[in-house]
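*Asks:* coords below, sequence missing:
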């Protein structure tokens, strides 16, 4: 495990995904993270029981933490939390807006009392604005930000065609945004000696990711359309089925690649200079005709045969993988952690440090550190 954040104490009153993402990455970096849970536990512990009886979400996002269950409406338990906070470097909370204050805890007052404290609140819609009190879960925010309307296939007479992104992208984006901000605040504190408050919402984090369609629409009035596994403004950049019923995604980014695609994959250089396909704009206008040509060619070859042709021409491609194929992907790297119900092999963190993955290895059982934490922070 890393020692980069050694001696940094984090207390996190957290549940679900976004805040645990933030605190888990701080733990991976060597911080001591005390996870404060209700007596029934973070409800993400019960999202599923697929990992030896543990929740996949919980195992993924809670390694390296200590767990204490506190009833924050009880004066004694609340005092334990206050004692932890006064010794902490970072306080994270993702309770509903106003809930933290109703406990008698005010983040500004806590920073006034402890000037070095960095506080981070993660909410659905933020700490201000007309929607601040609206409940917010991942799929709801996908809908509110317009992501759902951009995701899926073109609608037809029967179905709208919209779809959610297949993973909790709003929660993850909020956790990543908060992590960046907290690390920035730690660097800033090193220079000034003063902490700060960070506010991140699921809505604001994902809204930032929506800037390209927003800018395209506001400045050109061009409304982006759902197009399934196909690029809206580049052709060919889409999925095609091969003779073995396996699919491959082809991505052509420039005219040199287009010429090589025609030469090495379609094996007909005349297509490259046909007036219907001689530029990207022309290809977009004639997408259906071009894809008919590509489909006819690809249905005569297996995916591996098409890949061989792509390799010859330096063409970018991607195998469309289901979860079984992804689980066996040769590029995957794995780590092993100790979860409450046994060892778990999981996908490694995305970053390597000098060629190594830095990560915490222990996922806590509920309230497993209560006795030692209560003794340590009794004053």
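*Replies:* Cool, the structure landed. Source: prediction; values computed, not measured.
*Asks:* Not counting the worst-scoring helix or strand of the chain on mean pLDDT itself, show me its contacts.
*Replies:* In the chain, no helix or strand scores lower on mean pLDDT, DSSP states H and E than helix 99-102, which sits at a mean of 88. Here helix 99-102 makes contact (C-beta atoms under 8 Å, 6 or more residues apart in numbering) with 13, 93, 107, 121. Every residue, glycine included, has its C-beta placed from N, CA and C.
*Asks:* farthest-separated two in these?
*Replies:* Farthest-apart pair in the contacts of helix 99-102 is 13 and 107; separation 11.4 Å (C-beta to C-beta).
*Asks:* what about residue 222, neighbour count?
*Replies:* 12 (other C-beta atoms under 10 Å).
*Asks:* Okay, and it sits in which element?
*Replies:* Taking DSSP states H and E as the definition, one finds residue 222 inside no helix or strand.
*Asks:* any idea how far it lies from residue 214?
*Replies:* Per C-beta to C-beta, to the nearest Å, residue 222 is found 12 Å from residue 214.
*Asks:* give me phi/psi at the residue nearest to residue 207 when sequence neighbours are not counted?
*Replies:* The spatially closest residue to residue 207, leaving aside those adjacent along the chain, is residue 145, at 5.5 Å (C-beta to C-beta, 6 or more residues apart in numbering). When read as degrees, to the nearest 10, the backbone of residue 145 gives phi -80, psi -10.
*Asks:* What is the nearest of the contacts of helix 99-102 to residue 261?
*Replies:* Closest to residue 261, out of all of the contacts of helix 99-102 and judged by C-beta to C-beta, is residue 121, at 49.6 Å.
*Asks:* Help me confirm that residue 37 comes into contact with residue 65.
*Replies:* No - assessed by C-beta atoms under 8 Å, residue 37 is found out of contact with residue 65, at 9.9 Å.
*Asks:* Between those two, which is the more surrounded one?
*Replies:* residue 65 (27 against 22).
*Asks:* show me the residues around that one that make contact.
*Replies:* 12, 23-24, 27, 33-35, 360, 363-364.
*Asks:* Adding neighbour count and pLDDT, write these out as CSV.
*Replies:* As requested, the contacts of residue 65 are exported to CSV (neighbours: other C-beta atoms under 10 Å; pLDDT from 0 to 100):
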residue, neighbour count, pLDDT
12, 26, 97
23, 29, 97
24, 26, 97
27, 27, 97
33, 29, 98
34, 22, 98
35, 27, 98
360, 23, 94
363, 24, 95
364, 22, 95
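*Asks:* give me the number of residues near the residue nearest to residue 207?
*Replies:* Neighbour tally, residue 145, other C-beta under 10 Å: 23.
*Asks:* Residue 307: what secondary structure?
*Replies:* helix (DSSP: H, G, I helix; E, B strand; the rest coil).
*Asks:* In terms of pLDDT, where does it sit?
*Replies:* On pLDDT, residue 307 comes in at 97.
*Asks:* what sits against the residue nearest to it when sequence neighbours are not counted?
*Replies:* Counting by C-beta to C-beta, 6+ apart, residue 317 is the residue found nearest to residue 307 once chain neighbours are left out, at 6.3 Å. Applying C-beta under 8 Å, 6+ apart to residue 317 gives the contacts 248-251, 306-307, 310.
*Asks:* And for residue 371?
*Replies:* So residue 371 contacts nothing (C-beta under 8 Å, 6+ apart).
*Asks:* How far does stretch 41-60 sit from its chain's centre?
*Replies:* Centroid separation for stretch 41-60 versus its chain: 18 Å, with C-alpha atoms, centre = their mean, to the nearest Å.
*Asks:* Would you map the strands across the chain?
*Replies:* Secondary structure of the chain (DSSP state E): strands at 9-13, 32-37, 65-69, 90-93, 118-123, 197-201, 237-241, 247-251, 316-319, 334-339, 342-347.
*Asks:* model confidence over the third one, on average?
*Replies:* Over the span of strand 65-69, the pLDDT mean works out to 97.
*Asks:* circling back: name the member of the contacts of helix 99-102 that has the highest neighbour count.
*Replies:* Busiest of the contacts of helix 99-102 [other C-beta under 10 Å] is residue 13, holding 23 neighbours.
*Asks:* So that residue is in contact with residue 93, correct?
*Replies:* Yes - between residue 13 and residue 93 there is a contact under C-beta under 8 Å: 4.4 Å.
*Asks:* what sits against the residue nearest to residue 277 when sequence neighbours are not counted?
*Replies:* Distances taken as C-beta to C-beta, 6+ apart put residue 283 closest to residue 277, at 5.1 Å, once the chain neighbours are dropped. Residues near residue 283 by C-beta under 8 Å, 6+ apart: 235-236, 258, 276-277, 290.
*Asks:* Count the residues that sit near residue 307.
*Replies:* Residue 307: 17 neighbours (other C-beta under 10 Å).
*Asks:* rewinding a little: buried sites along the least confident helix or strand of the chain?
*Replies:* Within helix 99-102, the residues that count as buried by 16 or more other C-beta atoms under 10 Å are residue 100.
*Asks:* From the chain's centroid, how far away is it?
*Replies:* Distance, centroid of helix 99-102 to centroid of chain: 28 Å (C-alpha atoms, centre = their mean).
*Asks:* Residue 65 versus residue 373, what's the distance?
*Replies:* Distance from residue 373 to residue 65, by C-beta to C-beta: 11 Å.
*Asks:* Common neighbours of the two, please.
*Replies:* With C-beta under 8 Å, 6+ apart as the test, residue 373 and residue 65 both reach residue 34.
*Asks:* Sketch out the low-pLDDT regions of the stretch 251-379 of the chain for me.
*Replies:* By pLDDT under 70, the stretch 251-379 of the chain has no low-scoring segment.
*Asks:* what do you get if the cut-off is 90, keeping everything else the same?
*Replies:* 379 (pLDDT under 90).
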